[in-house]
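J.: Using only what follows, build the 3D model:
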Amino acid sequence: MLGPLQHLLAASLTLAALAAPTGAPGTQAVADAGKAIYLRGVTGSGAPVEARRDGAETETGAAAACVNCHRRSGFGGREGRAVVPPITGRYLYRPLPKDGGDRELPYVEGMRGEREPYTDELLARAIREGVDSQGRSLSYLMPTYALGDADMASLIAYLKALDRPRVPGVTETMLHLATVITPDADPVKRAGMLDVMRQFVSDRNNRQMVPAPRMQASGRALLSRSMFMVHRGWQLHVWELTGAESTWQRQLERRLAAEPVFAVISGLGGKSWAPVHAFCERAALPCLFPNVEAPPEGADQDFYSIYFSRGVRLEADLIGKHLLDAAGGSPPSRVLQIYRATDSGEAGASKLAALLRARGVAVSSRVLPAHAPASAVTKAARGAASADAVVLWLRGPDVAALPRTPPEGVRVYLSRLMAGLERAPVPKAWKDRARMAYPFDLPERRRVRVDYALGWLVGRHIPIVAEQVQIDTYLALGLLSETLKSMSDNFVRDFLLERMESDLEHRIITGFYPRLTLANHQRFASKGGYVVHLGEAKGARLVVDQDWLTP
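T.: Okay, the predicted model is just below:
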């Protein structure tokens, strides 16, 4: 056990760090050291943190980091049936209401509204010895940490700074949101998406009650979520990017500085979304369910951007699995891919090529110029006769330009995302031959979930010009609205994402997707799809060749 002098040193280091002016020497170092302990389980010396529990194996490093249970926000959550309490400074150090505590502290599940407040010394004891501010043993789930004084001071300083009451983009009457549109986005999809967004925001603002001050609460009434709901309108900012990709991040920085927002919702991209994704990660700005066909590779390793699916990269995995499982014949030895330069198909083709080459399959590509005439597609497809399989990462007009008959004995695959779902203009002779990656639920199975959104669109006289994009946009806005209700005015960006993770799997209306789920290190809510073909020459009935698969 530490003596009084050591406790005083730890507290003094913490207070000195917090009192130092912004930008003062050492302030950033203390903050970074606390952040490294909390997020990565690494002490100031670079050694791994050690977490101990009686009768259990000691955990070290990333496995021992606080973030694993208390999350990035510090607001905790659920671990099975156990509730992990919030550990940000406002909740740990809050005086009891009778002593002048913050009566407007928003509700968070697991908060200890009637517990004696912590001090720096009591918090250090809790972390090292597993004893709370009132001398009671903490839950077995909470390990003990043998942190030195400097590391303890850094961690405590980080917890105090973790929950900031003032959040950009949030006022007493308004919640500011942005949507991002890249210059290569489809103009028809852009119009359809913005129609949905503007109408949804208008509907929501018209339903809102007159803004009211927060109701005060004390004692056990702290557990009432409704005490902390302030009725705010939404204001949508449309950030339309221009020019080269290399300038997008700078444009976004200027936009965010001029129009601070709480989150980015929906949005529309063309070939690349990577600069927008990178900006949101760097700015710690939630980017929720943008309409993009090629989310960045490795997005699961990031935190602030979440997507409905992996898009063309998921399609590549579905096609690869179907090919390598020798469905309908032996595995191919030669595969040809055809796609246009500067289109999303390039990402799908790259993913599939890597997958097949790792299994010894020779893969070649025909890359058509972006503005080449349709006759280039016809010529490229005729050259597929020398391959065992051809994969067409092409859009509807190019699919319509395929030769009258497919090459004999060659397996054919299409990207359903790019070709246009059931409405893809597949030539008659290709319909039974062409297999398609299908990263959605089947039409007859999703009808009720899709009809709910379609009814909303029709009822508001919104032209249906890009059905999947418009329904995904409506779904994203609905998910955001429902998640904000469950946050009880705790407008913390990290908490928004954490609540969305926990709430999403209970969503009944999931649009085109059979199920949506998110968790730590999961940033794609729908994770599988089918391989199908069109079973009727004059219709769009889908026949399943490979049942739902999560690659």
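
J.: buried set for stretch 525-539?
T.: Residues of stretch 525-539 classed as buried: A525, S526, K527, G528, G529, Y530, V531, V532, H533, L534 (neighbour count, 16 or more other Cβ atoms under 10 Å). C-beta here means a position set from N, CA and C on the backbone, and glycine is covered the same way.

J.: err, stretch 356-371, not the other one
T.: Quick answer for stretch 356-371 (16+ other Cβ under 10 Å): L356, V361, V363, S365, R366, V367, L368.

J.: how about those residues in a markdown table, adding distance to R128?
T.: Shown next, in a markdown table, are those (distance: Cβ to Cβ, whole Å):
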| residue | distance to R128 |
| --- | --- |
| L356 | 54 |
| V361 | 56 |
| V363 | 57 |
| S365 | 59 |
| R366 | 64 |
| V367 | 61 |
| L368 | 64 |
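
J.: For burial, what's the neighbour tally of Y38?
T.: Applying other Cβ atoms under 10 Å, we find 22 residues neighbouring Y38.

J.: could you say which helix or strand contains it?
T.: Element membership of Y38, judged by DSSP states H and E, is helix 27-40.

J.: chain center to the helix or strand just after that helix, what's the gap?
T.: Going down the chain from helix 27-40, the next helix or strand is strand 50-52, by DSSP H and E. Put simply, strand 50-52 sits 30 Å off its chain's centre (Cα atoms, centre = their mean, to the nearest Å).

J.: residues making contact with strand 50-52?
T.: G41, T58, E59, T60, A63, A64, P143, T144, Y145, A146 (Cβ atoms under 8 Å, 6 or more residues apart in numbering).

J.: Now find how far off-centre the strand or helix carrying D494 is within its chain.
T.: Here D494 sits within helix 493-504, counting by DSSP H and E. In this view, helix 493-504 has its centroid 9 Å away from the chain centroid, taken as Cα atoms, centre = their mean.

J.: same deal with stretch 188-195?
T.: Remark: stretch 188-195 is offset 22 Å from the chain centroid, using Cα atoms, centre = their mean.

J.: Now it: average pLDDT?
T.: Mean per-residue pLDDT for stretch 188-195: 98.

J.: Check for me that V276 belongs to a strand.
T.: No: in this structure, V276 is helix, not part of a strand, as judged by DSSP: H, G, I helix; E, B strand; the rest coil.

J.: List the contacts of it.
T.: Applying Cβ under 8 Å, 6+ apart, the residues contacting V276 are V180, T182, L241, W248, L252, G267, G269, C287, P290.

J.: Spit out the contact partners of the third one.
T.: If a contact means Cβ under 8 Å, 6+ apart, then L241 has V180, I181, T182, P183, W248, Q251, L252, V276 as its contacts.

J.: Among these, which ones are in strands?
T.: V180, I181 (DSSP state E).

J.: and the contacts of L241 as a markdown table, adding pLDDT and distance to D32?
T.: Listed next are the contacts of L241 as a markdown table, based on pLDDT from 0 to 100; distance: Cβ to Cβ, whole Å:
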| residue | pLDDT | distance to D32 |
| --- | --- | --- |
| V180 | 98 | 30 |
| I181 | 98 | 35 |
| T182 | 98 | 33 |
| P183 | 97 | 37 |
| W248 | 98 | 28 |
| Q251 | 98 | 29 |
| L252 | 98 | 25 |
| V276 | 98 | 27 |
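
J.: Which of the contacts of L241 sits closest to L414?
T.: Using Cβ to Cβ, T182 comes nearest to L414 of these, at 24.6 Å.
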